[in-house]
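Q: This is a predicted model, with the sequence first.
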2 protein chains.
Amino acid sequence: MADKVTIADVARHAGVSRQTVSNVLNAPELVREHTQRRVLEAVQALGYRASQAARQMRTGRSQLIAARIEPAQDDGINGFVFDRFLHGLTESAALAGYRVLLYTAADHEAELATFDDLLGVYVPDAFVLTSLDYGDPRPAWLLEQRIPFVTFGRPWGVPPAQRYPWVDVDGAAGTAAATRYLLDAGHRRIGFLGWPAGSGVGDDRREGWARTLTAAGAEPAELAELDYRTDDGAPHGEAAARALLDRDRPVTALVCVSDSLALGALQAGRGIAVIGFDDTPVARAVGLTSVSQPLSEVATRCVSLLTRALDGNGAGARARETQAYDTGTEVLLRPSLVRRRSA
Amino acid sequence: MADKVTIADVARHAGVSRQTVSNVLNAPELVREHTQRRVLEAVQALGYRASQAARQMRTGRSQLIAARIEPAQDDGINGFVFDRFLHGLTESAALAGYRVLLYTAADHEAELATFDDLLGVYVPDAFVLTSLDYGDPRPAWLLEQRIPFVTFGRPWGVPPAQRYPWVDVDGAAGTAAATRYLLDAGHRRIGFLGWPAGSGVGDDRREGWARTLTAAGAEPAELAELDYRTDDGAPHGEAAARALLDRDRPVTALVCVSDSLALGALQAGRGIAVIGFDDTPVARAVGLTSVSQPLSEVATRCVSLLTRALDGNGAGARARETQAYDTGTEVLLRPSLVRRRSA
C-alpha cells in the first residue's frame, strides 16, 4: 500500500520548500499569493489533507481524549462496566468533536509513565480516569502538570484542596435500595458479600447495606455477623454464601457487591434471595436481580465536564432525572434496581 | 485548568516568531544556533512538548490505528467478542508503537463518512475493520484511497483482485469440532441454530456443522430438517429449540451459531446437549460448552500485518500453534472447544 502524501510530496510537486508549504497551511500571510495558489493546487492534486498536525500547531489542541482500557477480567464479568462506559464515552466524545485514544497500563506507576509518553507523542487534550482508589497518584500527577481530566469515580480520601471534576454512581444508594427491597419482601437476616475493606467502591456499597439494616433496627453485632468480605469471582461468592448459610441463624437473602459474587451465591443454591451489582449480561442470563449503573449517562456527563473545562462552555451540564447530586463539577448519579427471578 | 503550552507561548517567551519556533522543531538547519538555543530554553522553561504535530509534519505518520467500537448489543453477549478484541488490539498496538483511536458508526455509509473525517483531522496511519459482510463497501473505499488497513473477518464474496490483508477465525472448523464432539458422545439427531442465510460468518459456521453430519452419513433432506435459522438473542434461541424439539423425531443436541441462541436453547429445557459459540462470560456462568475464538492472537496478527504494511517489516508474522492457514497476508486461525456441563 502507498504511503500517505506528506508535506514533502506537496513541496516537491509545487516546486517550493517544505517550509513554504507549512507556511501556507499555518501562516499564509507570510507567503505571496501566487505561491499560495501553487501550493494549494499541489495540495488538491495530490490529495494532501491539511492534517491535524497543522491544526494542532495553530491551536495547541489535538481533539483527543485519552482513556485506559482495562485488562480483560478473569471471569469476564466486571470488565463489562468499563467496556460499556467506553462505548458511551466514544459516542459522547464524537458528538463534542473529540475522539478517544486508548491506552493500557498494568498499574498506577505504569500509567503515569504512559501519561508522559502520550503527552509527548499524541498530546491528548484531556484524560478520563477510571477505577480510582485510595492514595491514587494519578489525579495529583495530572493536576501538577495542569492537564485537564475527569474521573469516572470519586476522589476517595482526597483533601478538598486537591479536588477535580468527577462523575460517579452512588453505590451506597444502590445497595440501600436492594436492602430495602429485601426488607419489604419480608427478609430479616440479610447478609452482605463484599470485597475486602479498603476499596472505596466496595466500602461505599457495603455502607448502603449497613445503614439500611441499622435504620431497620439491626445491631452493630448483627451487622458484623452478616458481613462477609472476599475476593471477587463466582467461586469466592459461592464459598462466602455457604459460610453465611452454615451459621446458626443463616441468612435468607444476600446483597452482593458484584454480579460475580452474586453468581457464586446463586450457585451455592439453597434458594436464598440474591441481588448483584452492575446488571451484567450474566445477570440477565441467569435471572439475577441486580443494581444497574447509568453508564451512558456517566459517559455523557464526563464529556460535558471535559468540554466545559476545555472550551469554557458551561451549558453542557444540565439537570437529568438520574442525577442525585451535582455541584457543577462533581456529579453523583443514582443507580436503579433491575428485578429478575433471584430476588 | 490551564491551557496547554502552545508554540505561540514558546515564541513569546523566546522573543521570536512562531514560525521560528516551528523551524527549530522541524527544520533546525534553517535557524541560527543561538536562536535555536533560545527557543529550546523556552521549550524547557514552559514545559512545551515537541508534539506529535511536529513529528507528523516530518514523517507523515500519526502512529494512530483507527478502530470502530461496536454499539452495545441488546443482550450484552455478542459485544463481548469485539470488546475482547479491542483489549488485545490496544495492547499489541502499544507494543508496536501505535495507539488505537476509537470511532463509532451506525452503518457502513456513516462509517465511510467517518473515515473521511478521521483522515482529515487525525490522519490515522491505518484502519482495523471488523464485522465484514457481503457487499461491504469499506475495503474498496480504503483501497481506492490507498489507506492501509486490515480486517478482522474474511472478505466475503470479494473477487481476488480486491484482496487485502485479513485475519479471521475458522468458524466452520469450530462448529465441525462441536458436531464431531456430539457425534462421539453418541448423538445422531444434531440440530443447528443459526442466523438467517446471507451472513458470511453465520453461513460459514453452519457449513462446519453440515459437512460434519454429511461425512457421518446424514442426507441433505435430514440436514434441511435439522437446520433452523432465526434472529440472534436468547428468546429466539428458546423458540427455535422448542420448534426443533416438537418435531416427530426431535433433536437430542444443538450446535448454535452464538452463545445467545445457545442460552435460549438451554432455557428451553428438556435436557438436550447444547454447544454455543464465542465462549462469553455467560457461557462460563451457566456452564455452557462453547467454541472459543483466539481473540488476543487475532489482535496480535492484525497489528503485525499492519506494521508489515506500514514499516515494511515482514518479521512480524510468525507461525503460531493456533494458526490454520497463512499466506502471509491472509491468516485464518483455529478456534477451540471449551467443554462445560451443557454438552
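A: It's in. Note that the coordinates shown come from a computational prediction; the quantities given were computed from them, not determined experimentally.
Q: So which residues of chain A form helices?
A: Taking DSSP state H to define them, one finds helices in chain A at A:7-14, A:18-26, A:33-46, A:52-59, A:79-95, A:108-121, A:138-144, A:171-184, A:200-215, A:220-226, A:234-245, A:259-267, A:281-286, A:295-311.
Q: which other helices and strands contact the first one?
A: Yep, that's helix A:7-14 we're talking about. Here helix A:7-14 touches helix A:18-26, helix A:33-46, going by 3 or more CB pairs under 8 Å, 6 or more residues apart in numbering or on different chains; DSSP states H and E. Quick note: C-beta positions are derived from backbone N, CA and C, even for glycine.
Q: Same check on the fifth one?
A: With contacts defined as 3+ CB pairs under 8 Å, 6+ apart, helix A:79-95 has these neighbours: strand A:64-68, strand A:99-103, strand A:126-130, helix A:295-311, helix B:79-95, strand B:99-103.
Q: Can you tell me which of the helices and strands packed on helix A:7-14 is most buried?
A: For those, the largest average neighbour count (mean count of other CB atoms under 10 Å in any protein chain shown) is found in helix A:18-26, namely a mean of 22.
Q: quick one on the thing from earlier: using TSV, lay out the helices and strands packed on helix A:7-14 together with mean pLDDT and distance to chain B.
A: Formatted as TSV, these follow (pLDDT from 0 to 100; distance: least, CB to the nearest CB, whole Å):
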stretch	mean pLDDT	distance to chain B
helix A:18-26	74	6
helix A:33-46	82	12
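Q: Out of the ones you listed, which gets nearest to residue A:118?
A: helix A:18-26 (23.8 Å; CB to CB).
Q: which secondary structure elements does that closest one contact?
A: Applying 3+ CB pairs under 8 Å, 6+ apart, we find helix A:18-26 packed against helix A:7-14, helix A:33-46, helix A:52-59, helix B:18-26.
Q: can I get the CA coordinates of the first one in PDB?
A: Output for helix A:7-14, consisting of C-alpha atoms alone and laid out as PDB, is shown next (Å, rounded to 0.1, in the frame of the first residue of the first chain):
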ATOM      1  CA  ILE A   7       4.200  17.900   3.100                       C
ATOM      2  CA  ALA A   8       7.500  16.900   1.400                       C
ATOM      3  CA  ASP A   9       5.500  15.500  -1.500                       C
ATOM      4  CA  VAL A  10       3.400  18.700  -1.800                       C
ATOM      5  CA  ALA A  11       6.600  20.800  -1.700                       C
ATOM      6  CA  ARG A  12       8.200  18.700  -4.500                       C
ATOM      7  CA  HIS A  13       5.100  18.900  -6.600                       C
ATOM      8  CA  ALA A  14       4.800  22.700  -6.100                       C
END
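Q: If we go by neighbour counts, what in it is buried?
A: By neighbour count on 16 or more other CB atoms under 10 Å in any protein chain shown, the buried set for helix A:7-14 is A:7, A:9, A:10, A:11, A:13, A:14.
Q: Centre of the chain to that helix, how far?
A: Computed by CA atoms, centre = their mean, to the nearest Å, the chain-centroid distance of helix A:7-14 equals 44 Å.
Q: Kindly calculate the angle that that helix makes with helix A:33-46.
A: Interaxial angle, helix A:7-14 versus helix A:33-46 (axes from the mean of the first three to the mean of the last three CA atoms, to 10 degrees): 110 degrees.
Q: quick check: angle from helix A:7-14 to helix A:18-26?
A: Calculated by the same axes, to 10 degrees, helix A:7-14 forms an angle of 100 degrees with helix A:18-26.
Q: low-scoring pLDDT stretches of chain A, where are they?
A: Residue ranges of chain A with pLDDT under 70: A:1-4, A:25-29, A:48-60, A:71-76, A:312-327.
Q: domain assignment for it?
A: Annotated domains of chain A cover A:7-49, A:60-169+A:295-321, A:171-292 [automatic domain parsing].
Q: Can you add distance to residue B:143 and give the helices and strands packed on helix A:7-14 back as CSV?
A: Listed next are the helices and strands packed on helix A:7-14 as CSV, based on distance: least, CB to CB, whole Å:
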stretch, distance to residue B:143
helix A:18-26, 27
helix A:33-46, 18
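Q: and residue A:216, how many neighbours?
A: Neighbour count for residue A:216, taken as other CB atoms under 10 Å in any protein chain shown: 12.
Q: Surely it touches residue A:184?
A: No. Using CB atoms under 8 Å, residue A:216 makes no contact with residue A:184, being 10.3 Å away.
Q: Go through the domains of chain A and name the closest to residue B:116.
A: Closest approach to residue B:116 among the domains of chain A (CB to CB): domain A:7-49, 9.4 Å.
Q: what's residue A:197 in contact with, if anything?
A: Residues near residue A:197 by CB atoms under 8 Å, 6 or more residues apart in numbering or on different chains: A:203, A:229.
Q: should've said residue A:293
A: A:81, A:169, A:174, A:278, A:279, A:333, A:335.
Q: Dihedrals phi and psi, it?
A: Main-chain dihedrals, residue A:293, degrees, to the nearest 10: phi -90, psi 140.
Q: Adding distance to residue B:263, write the helices and strands packed on helix A:18-26 out as JSON lines.
A: Formatted as JSON lines, the helices and strands packed on helix A:18-26 follow (distance: least, CB to CB, whole Å):
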{"stretch": "helix A:7-14", "distance to residue B:263": "54"}
{"stretch": "helix A:33-46", "distance to residue B:263": "53"}
{"stretch": "helix A:52-59", "distance to residue B:263": "44"}
{"stretch": "helix B:18-26", "distance to residue B:263": "56"}
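Q: coming back round to it: in a markdown table, list the helices and strands packed on helix A:79-95 along with distance to residue A:117.
A: Shown next, in a markdown table, are the helices and strands packed on helix A:79-95 (distance: least, CB to CB, whole Å):
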| stretch | distance to residue A:117 |
| --- | --- |
| strand A:64-68 | 10 |
| strand A:99-103 | 8 |
| strand A:126-130 | 13 |
| helix A:295-311 | 21 |
| helix B:79-95 | 9 |
| strand B:99-103 | 9 |
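Q: Adding mean neighbour count and distance to residue B:37, write those out as a markdown table.
A: Compiled in a markdown table, the helices and strands packed on helix A:79-95 are given as follows (neighbours: other CB atoms under 10 Å in any protein chain shown; distance: least, CB to CB, whole Å):
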| stretch | mean neighbour count | distance to residue B:37 |
| --- | --- | --- |
| strand A:64-68 | 25 | 31 |
| strand A:99-103 | 24 | 33 |
| strand A:126-130 | 23 | 33 |
| helix A:295-311 | 23 | 33 |
| helix B:79-95 | 22 | 35 |
| strand B:99-103 | 24 | 33 |
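Q: partner residues bridging residue A:167?
A: residue A:152, residue A:331 (DSSP bridges).
Q: And it, how far from residue A:33?
A: For residue A:167, the distance to residue A:33 (CB to CB, to the nearest Å) stands at 50 Å.
Q: Point out the residues in the stretch 201-343 of chain A that sit beside chain B.
A: Neighbours of chain B within the stretch 201-343 of chain A, by CB under 8 Å from any CB of the partner chain: A:234, A:263, A:280, A:281, A:282, A:284, A:285, A:286, A:309.
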